[in-house]
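Q: Everything below, folded, please.
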Amino acid sequence: MATEATGGGLEFKPMEQFEVKALFGETVAWYTPTNVTLWLFLTALAAISLLVLGSRGRAIVPSRAQSVAELTYGLVHKMIEDIAGKEGLRYFPYILTLFLFVAFANLLGLVPMAFTVTSHIAVTGILAMAVFVGVTAIGFIKNGAHFLDLFWVRSAPLAVRPILAVIEVISYFVRPLSLSIRLAGNMIAGHAVIKVFAGFAAIAAVAPVAVVAVVGMYAFEVLVALVQAYVFTILTCVYLKDALHPSH
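A: Okay, the predicted model is just below:
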């Protein structure tokens, strides 16, 4: 929230919520369980629980958990089929897992006193690199050297093709960076704004406005959490399509 500054005003620390802290003790090393470890585990547990609870009953009249699970399944399945084609459906389990993980990580980060794991490049970077390495491997395994056709725009005039090839190569290798920064940046920005508005609630004169602003921003962040999971997944499908069908 906000604390009293030495000068008598309020001191905001919106970035304090993103600090990595040890669960036991004070020293953080690579093997130390931290708040990141805890919320990564809870995110994985939430994703697994939804699919387990959603597929356990298989009732004709679905429960809420089954409805959410079926809607999520259908959304991701249709997304892959529409973008990457039926050939891309063999990678459906991984892409569904990716969507659920990002969505739950974003949503759990909105729980009061929680930690948003997708606000850290260390997490989003690993997710993005896994997608990048995976689709690149698929491209070469399926197409061999013809995968390099992705960078050679045959529809362009011959004199322009080398320039476009350089641009295509650069844009290809920027993909993991853009994927990770987009997701982490949106999570950091939204949570920081909520924290600042919440700090203003300590001032009696603007407290009602601050509370309304926090509620509005919170509702907006719920939407952003789901949209960012959708964007991350749909870009993964686009990259998969390029790997399966590299020709321009």
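Q: Ala207: what's it in contact with?
A: With contact taken as CB atoms under 8 Å, 6 or more residues apart in numbering, Ala207 is in contact with 200-201. Glycine gets a C-beta too; all of them are placed from N, C-alpha and C.
Q: likewise Thr118?
A: Applying CB under 8 Å, 6+ apart, the residues near Thr118 are 102, 105-106, 109, 124, 183-184, 187, 228.
Q: among those residues, which two are most distant?
A: Farthest-apart pair in those is Gly109 and Thr124; separation 12.3 Å (CB to CB).
Q: Neighbour count for the two, which is higher?
A: More crowded of Gly109 and Thr124, by other CB atoms under 10 Å: Thr124, with 25 against 22.
Q: ok, for that one, nearest residue in space, not its chain neighbours?
A: Distances taken as CB to CB, 6 or more residues apart in numbering place Ser180 nearest to Thr124, at 4.0 Å, with adjacent residues excluded.
Q: Which neighbouring elements make contact with whichever strand or helix holds the one you found?
A: According to DSSP states H and E, Ser180 maps onto helix 161-200. For helix 161-200, the elements it packs on are strand 2-4, strand 10-12, helix 121-143, helix 207-244, judged by 3 or more CB pairs under 8 Å, 6 or more residues apart in numbering; DSSP states H and E.
Q: Next, the buried residues of that helix.
A: The neighbour-count criterion (16 or more other CB atoms under 10 Å) identifies 161, 164-165, 168, 175-176, 179-180, 182-184, 186-188, 190-200 as the buried residues of helix 161-200.
Q: about what we covered before: out of the helices and strands packed on helix 161-200, flag the one nearest Tyr73.
A: Nearest to Tyr73, of all the helices and strands packed on helix 161-200, is helix 207-244, at 12.8 Å by CB to CB.
Q: quick one: buried residues of the closest one?
A: The neighbour-count check on helix 207-244 (16+ other CB under 10 Å) flags 210, 213-214, 217, 221, 224-225, 228-237, 239-244 as buried.
Q: do stretch 41-51 as well
A: Neighbour counts over stretch 41-51 (16+ other CB under 10 Å) mark 42-43, 46-47, 50-51 as buried.
Q: try stretch 54-73
A: 54, 65-66, 69, 72-73.
Q: which pair in these spans the largest distance?
A: Comparing all pairs in the buried residues of stretch 54-73 by CB to CB, the longest separation belongs to Ala65 and Tyr73, at 12.3 Å.
Q: Export the helices and strands packed on helix 161-200 to TSV and append columns for distance to Val153 and mean pLDDT.
A: Below are the helices and strands packed on helix 161-200 laid out as TSV (distance: least, CB to CB, whole Å; pLDDT from 0 to 100):
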stretch	distance to Val153	mean pLDDT
strand 2-4	53	51
strand 10-12	49	61
helix 121-143	17	94
helix 207-244	13	91
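Q: of all those, which lies closest to Asp82?
A: Comparing those against Asp82 with CB to CB, the closest turns out to be helix 207-244 (8.2 Å).
Q: any idea of the angle that closest one forms with helix 121-143?
A: Angle of helix 207-244 versus helix 121-143, following axes from the mean of the first three to the mean of the last three CA atoms, to 10 degrees, is 20 degrees.
Q: I'd like to check the angle between helix 207-244 and helix 161-200, please.
A: Interaxial angle, helix 207-244 versus helix 161-200 (the same axes, to 10 degrees): 160 degrees.
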